[in-house]
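Enquirer: Pasting the sequence and the predicted coordinates here, then a few questions.
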Amino acid sequence: MKRTITVRRDYLHYIPKYRRFEKRHKNISAHCSPAFTVKDGDVVTIGQCRPLSKTVRFNVLAHEVSKHAASGKKSFRVF
């Protein structure tokens, strides 16, 4: 698990009975190549690949540095 990162995928799920959305999330394990220097809060693009281990089925394809990482603020992206 030296090169494995955990990606949190946030999404909205529609509840027809109440005609509202609820927030849900999934944690996905992804392999991060040594070419990427990923830190907490960075936004990454992942792609599906063959199983690399029991839980890892994704690779990091690209990443963009978080703008708020230097200030220490937690930020959310729009769905």
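Expert: Noted; the coordinates are in hand.
Enquirer: SS state for the closest residue in space to G41 that isn't next to it in sequence?
Expert: Computed as CB to CB, 6 or more residues apart in numbering, the closest residue to G41 that is not its neighbour in sequence is S66, at 4.0 Å. All C-beta spots, glycine's among them, are computed from the backbone N, C-alpha and C. In the three-state summary, S66 is assigned as coil, counting by DSSP: H, G, I helix; E, B strand; the rest coil.
Enquirer: my read: S66 touches V44, true?
Expert: No: here S66 does not reach V44: they are 10.4 Å apart, not a contact under CB atoms under 8 Å.
Enquirer: what residue ranges in this structure score low on pLDDT?
Expert: Judged by pLDDT under 70, the chain has its weakly predicted residues at 68-79.
Enquirer: Now do the SS call for the residue of the chain most remote from its centre.
Expert: Most distant residue from the mean C-alpha position of the chain: K17, 29.6 Å away (CA atoms, centre = their mean). Assigned by three-state DSSP, the conformation of K17 is coil.
Enquirer: List the residues that contact it.
Expert: Contact criterion CB atoms under 8 Å, 6 or more residues apart in numbering gives no residues in contact with K17.
Enquirer: Any figure for the gap between it and Q48?
Expert: Using CB to CB, to the nearest Å, K17 is found at 33 Å from Q48.
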